[in-house]
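[1] when you get a sec, could you give me coordinates for this:
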Amino acid sequence: MGIDTPTLITFIIYLVVMLAIGVISYRLTSNLSDYVLGGRSLTPGVAALSAGASDMSGWLLLGLPGAVYAGGMNAAWIGIGLSIGAYLNWQFVAKRLRQYTEVSNDSITIPDYFENRFRDNSKILRVMSAIVILFFFTVYTASGLVGGAKLFQSSFNMPYTAALWIGAAVIISYTFLGGFLAVSWTDFIQGILMFLALIIVPIVAVNKVGGWNETINQVGAVDAGFVDIMAGMGGVTGFLAIISSLAWGLGYFGQPHILTRFMAVKSSQDIPKARMIGMTWMVVSLFGAIFTGLAGIAYFADNPLEGAATETVFILFTQVLFNPWVSGVLLAAILAAIMSTVDSQLLVSSSALAEDFYKALLRKNASEKELVWIGRFAVIGIALIAGLIASNPESRVLELVSYAWAGFGAAFGPVIILSLFWRRMTRNSAIAGILVGAVTVVLWKTLSTPPAGAEQTEAVIPFALYEIIPGFILATIAIIIVSLMGKGPKQEVKDEFTEAVE
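    You can find the predicted model right below:
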């Protein structure tokens with residue numbers, strides 16, 4: 001498909017608006033706190049949609065519809081797990097983290113919070129956290145760049161490599177300029193675009209097939225198991241598949257790009273309103289993505305998509321069902337989903353380099369302006385590395401996301417939860433939790449992945465289990481054991497805990 005002029009014009013207008021926000025935010029960013037956390041000034045609506053948009057990424061419009069298209073309704077278990085996890089994160093973590101990070105020496109990054117919370121003067125906890133962030137976010141960023149490349153490649157008939165670097169250049173530009181304010185406000189706009197797209201596309205697609213009943217009938221004709229959420233879920237392997245899908249919800253407690261939105265809300269009193277907005281957005285969007293995949297099974301039954309192309313079902317719908325102007329807006333929504341996550345990941349990663357490596361280890365007296373510029377140049381460096389990881393045209397968004405999601409969930413999730421709810425937790429136990437969680441995920445993923453060139457077979461039990469589960473469990477056990485075996489925290493740490501959570 002060649003470049004359609006109205007679609008291209010719509011795309012360009014959208015990109016200009018995003019860059020304009022970056023320029024405006026550049027003028028409002030004067031120190032590292034502004035660049036990393038926006039001065040804790042987010043309203044409930046901006047915080048909620050920004051958290052949702054940065055959370056879901058291209059996975060919501062590419063990966064999930066593609067998974068449903070390829071496997072049917074049993075892919076919806078992931079959506080169920082995510083909804084439960086997101087609600088629990090908003091309900092129990094958001095308010096306490098907002099309060100605690102302000103009380104604990106106004107912490108502006110997750111490593112900053114860990115160091116201040118446990119009075120770690122050795123910098124080990126900060127540096128270890130930053131390493132985990134850089135490693136897994138580079139993989140996570142690569143997944144977003146893959147999504148952007150597929151969008152440009154499919155929409156404008158561009159070579160994959162050219163599409164990859166054009167998308168990367170756009171995201172780098174406004175993240176480089178505006179920092180957290182630019183990212184949060186662009187995410188707010190992008191969240192609205194994604195929400196509307198995930199309502200409009202499945203409704204039009206289902207009507208085009210002939211209505212809901214006809215869509216289900218046609219999906220069942222392709223494969224009766226596609227309309228059954230329990231299809232293929234029998235026996236031990238099926239049980240592990242359900243548990244693994246639901247376990248995606250555990251990842252929320254350790255995602256730095258989502259947790260920083262909680263930290264940036266103007267007041268902890270705004271959290272309930274933000275939770276309501278965020279969860280409504282999320283549930284409706286997930287249903288839209290699932291229905292898009294189902295409609296795709298019926299619509300493309302005569303010319304089915306295969307392999308990595310299954311993740312383009314949403315893109316194809318925007319091209320075949322709508323006029324070029326509307327198509328341009330819907331395609332911009334896909335780019336919005338991708339950009340909203342990648343920019344957040346780049347920002348958190350760059351702050352880790354600036355605050356947690358450069359300032360902590362190299363230049364303790366670095367000026368605020370210097371740190372902001374270190375963060376900006378880090379954005380470029382991390383994006384380049386992620387681009388190299390994403391350079392394989394056969395890369396799949398869902399696979400890259402699942403690995404990074406598990407890494408953060410297992411390494412940071414137990415530490416975040418216990419640090420907010422257990423006064424007895426110690427510095428050494430936090431180090432143990434991060435280390436055990438991250439290493440378990442890497443080893444489990446390595447052992448469950450066939451060697452390069454080997455035939456892709458079903459994973460052997462217990463490695464059929466999603467790596468976040470053993471990582472989360474073992475990290476939690478490590479934290480509890482090390483805390484109880486060692487000397488308890490100092491009185492000042494206990495007093496701060498009381499001040500922060502009561």
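
[2] all contacts plus neighbour counts: C-alpha atoms, from now on.
    Noted.

[3] quick one: mean pLDDT over stretch 48-56.
    For stretch 48-56, the per-residue pLDDT values average out at 73.

[4] output that stretch as PDB, restricted to C-alpha atoms.
    Taking C-alpha atoms only, stretch 48-56 is exported to PDB below (Å, rounded to 0.1, in the frame of the first residue of the first chain):
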ATOM      1  CA  ALA A  48      -4.400   8.200  35.100                       C
ATOM      2  CA  LEU A  49      -4.400   8.300  31.400                       C
ATOM      3  CA  SER A  50      -0.600   8.800  31.300                       C
ATOM      4  CA  ALA A  51      -0.100   5.700  33.500                       C
ATOM      5  CA  GLY A  52      -2.500   3.700  31.300                       C
ATOM      6  CA  ALA A  53      -1.100   4.800  28.000                       C
ATOM      7  CA  SER A  54       2.500   4.300  29.100                       C
ATOM      8  CA  ASP A  55       1.500   0.900  30.500                       C
ATOM      9  CA  MET A  56      -0.200  -0.600  27.500                       C
END
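
[5] for Pro304, what are phi and psi?
    Backbone torsions of Pro304, given as degrees, to the nearest 10, read phi -70, psi 150.

[6] that one: neighbouring residues, count only.
    Taking other C-alpha atoms under 10 Å as the criterion, the count of residues near Pro304 is 14.

[7] ok, it to Leu64 distance?
    Noted for Pro304: a distance of 17 Å to Leu64, by C-alpha to C-alpha, to the nearest Å.

[8] residues in contact with Leu418?
    Met425 (C-alpha atoms under 8 Å, 6 or more residues apart in numbering).

[9] repeat that for Phe408.
    Contacts were defined as C-alpha under 8 Å, 6+ apart; by that measure Phe408 touches Val132, Ile133, Phe136, Gly251, Gly254, Gln255, Pro256, Ala438.

[10] ok, of those, which one's closest to Ile124?
    For the contacts of Phe408, the minimum distance to Ile124 (C-alpha to C-alpha) is 12.4 Å, reached by Val132.

[11] so which helix or strand takes in that closest one?
    Val132 belongs to helix 124-156 when elements are defined using DSSP states H and E.

[12] secondary structure element holding Ile315?
    Element membership for Ile315, per DSSP H and E: helix 313-320.

[13] centre of the chain to the next helix or strand after that helix, how far?
    For helix 313-320, the following helix or strand on the C-terminal side (DSSP H and E) is helix 324-351. In terms of C-alpha atoms, centre = their mean, to the nearest Å, the centre of helix 324-351 is found 12 Å from the chain centre.

[14] how about the helix or strand just after helix 324-351: buried residues?
    Helices and strands here follow DSSP H and E; after helix 324-351, the next one along the chain is helix 368-389. Taking 16 or more other C-alpha atoms under 10 Å as the basis for neighbour counts, the residues of helix 368-389 that come out buried are 371-380, 382-384, 386-387, 389.

[15] quick one: buried residues of whatever helix or strand comes next after helix 368-389?
    Reading on from helix 368-389 to the C-terminus, the next helix or strand found by DSSP H and E is helix 397-421. Residues 397-398, 400-420 are the ones in helix 397-421 that count as buried (16+ other C-alpha under 10 Å).

[16] what's the answer for stretch 190-203, then?
    Of the residues in stretch 190-203, those scored as buried under the neighbour-count criterion (16+ other C-alpha under 10 Å) are 190-199, 201-203.

[17] can you tell me the average pLDDT over stretch 375-388?
    For stretch 375-388, the per-residue pLDDT values average out at 80.

[18] can you check stretch 230-244 too?
    78.

[19] who touches that stretch?
    Stretch 230-244 is contacted by residues Asn74, Trp77, Gly225, Ile461, Ala464, Leu465, Tyr466, Ile469 when judged by C-alpha under 8 Å, 6+ apart.

[20] returning to that earlier point: what is the nearest of the contacts of Phe408 to Arg363?
    Sorting these by distance to Arg363 puts Ile133 at the head of the list, at 20.6 Å, by C-alpha to C-alpha.

[21] got the contact list for the closest residue to that closest one other than its chain neighbours?
    Beyond its immediate neighbours in the sequence, the residue positioned closest to Ile133 (C-alpha to C-alpha, 6 or more residues apart in numbering) is Ser349, lying 6.3 Å away. Residues near Ser349 by C-alpha under 8 Å, 6+ apart: Ala130, Ile133, Leu134, Phe137, Ala378, Val379, Ile382.

[22] spatially nearest residue to the fourth one (excluding sequence neighbours)?
    Distance criterion C-alpha to C-alpha, 6+ apart; nearest residue to Phe137, sequence neighbours excluded, is Gln345 at 6.0 Å.
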